[in-house]
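Chemist: Let's see this in three dimensions:
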Amino acid sequence: MHTFVIPVYKQSPYLEQCIQSLLNQTIKSTIILTTSTPTDFSKQVAEKYGFACFVNDNGGIANDWNFALSKASTQWATIAHQDDIYEPDFTNELLKSANSDTLIAFTDYEDLVDGKTRKSNLNSFVKKALLFPFVLKKNIRSTSLKKSILIFGDPICCPSVSFNLDALGNFRFSPEFAVALDWYAWYQLAKKHGSFCFINQKLMKHRIHAESETTLKLSEGKRRQEELQMFKLIWGDKIARVFSWIYTLGYADNKLKADL
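Modeler: As a prediction, this is how the structure comes out:
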């Protein structure tokens, strides 16, 4: 029914903590590793746990995620980020909440900084507010409602997303994006027949640290560039620049002392 695919990038000190959280699920799933940066470390981890490990010869975030999904042979697949932690009931709630026509299902989450759960802040409050269409029901099918949660930003935490591979057809992440590729993907999927499912429980912890991909892309200015591109796609040039400026105010949540 369900597979966790972990795209392993180089050597993460948090990988085995992530794996343990997946092994501790109340409903067991298949777990596999993929990597475009094969190392002795990834090979040893795969051997230690008896996981299949597939090497992708065409790297890049979009290609890594597409490759990861292509290796799942179950109906449902979750791209488990190697630094994150999944609560024991994650898979159980996914399978209970999603319907046969659900395209993606995603959960609420908490940020993990320096090993501690961060308290709610303005950024998390705004993201939760964007999910207002799910107040009355977990699954929404209306194209306009699915789009509505994405027009002011991306409130969907990518590591919490599970994909219904039977319903997605030829879906692929776009290699044109390196940061906003998930936001762009959800916006394209919103146009597709089928529902989005929001599980309003904090079923994962998303780790923020100095070496994370999001933090690195923030320092490169890539995130602002791609988010502006998304706002232009949705709103047009003039309004997009206003929203982009407002959105940058939330970047501080991903800034750590190590970056300064």
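
Chemist: CA only for contacts and neighbour counts going forward, please
Modeler: Noted.

Chemist: so who does F67 touch?
Modeler: Shown in contact with F67 (CA atoms under 8 Å, 6 or more residues apart in numbering): T34, N56.

Chemist: so how far is F51 from it?
Modeler: F67 sits 16 Å away from F51, going by CA to CA, to the nearest Å.

Chemist: And for P7?
Modeler: Applying CA to CA to P7 and F51 gives a distance of 13 Å.

Chemist: For these two, indicate the residue with more neighbours.
Modeler: For the pair P7 and F51, the greater number of neighbours falls to P7 (26 against 14), based on other CA atoms under 10 Å.

Chemist: Give the residue spans of the stretch 151-260 of the chain that score low on pLDDT.
Modeler: Applying pLDDT under 70 to the stretch 151-260 of the chain flags residues 209-220, 243, 245-260.

Chemist: rerun at 50
Modeler: 214-215, 217-218, 256-260 (pLDDT under 50).

Chemist: Mind jotting down where the strands sit in it?
Modeler: 162-164, 195-208 (DSSP state E, counting those that start in this stretch).

Chemist: The ones you listed into JSON lines, with extra columns for distance to K238 and mean neighbour count?
Modeler: Listed next are the strands of the stretch 151-260 of the chain as JSON lines, based on distance: least, CA to CA, whole Å; neighbours: other CA atoms under 10 Å:
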{"stretch": "strand 162-164", "distance to K238": "34", "mean neighbour count": "23"}
{"stretch": "strand 195-208", "distance to K238": "30", "mean neighbour count": "21"}
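
Chemist: so which of these gets nearest L112?
Modeler: strand 195-208 (4.5 Å; CA to CA).

Chemist: wouldn't A62 be in contact with A180 here?
Modeler: No - contact between A62 and A180 fails when scored by CA atoms under 8 Å: they sit 10.3 Å apart.

Chemist: Other residues contacting the one helix or strand A46 maps to?
Modeler: Applying DSSP states H and E as the criterion places A46 in helix 40-49. If you take CA under 8 Å, 6+ apart as the criterion, helix 40-49 is touched by V8, K10, Q11, E16, L33, A52, C53.

Chemist: what about burial for those residues, which qualify?
Modeler: Buried subset of the contacts of helix 40-49 (neighbour count, 16 or more other CA atoms under 10 Å): V8, L33, C53.

Chemist: Quote the end-to-end distance of stretch 144-155.
Modeler: End-to-end distance (CA to CA), stretch 144-155: 16 Å.
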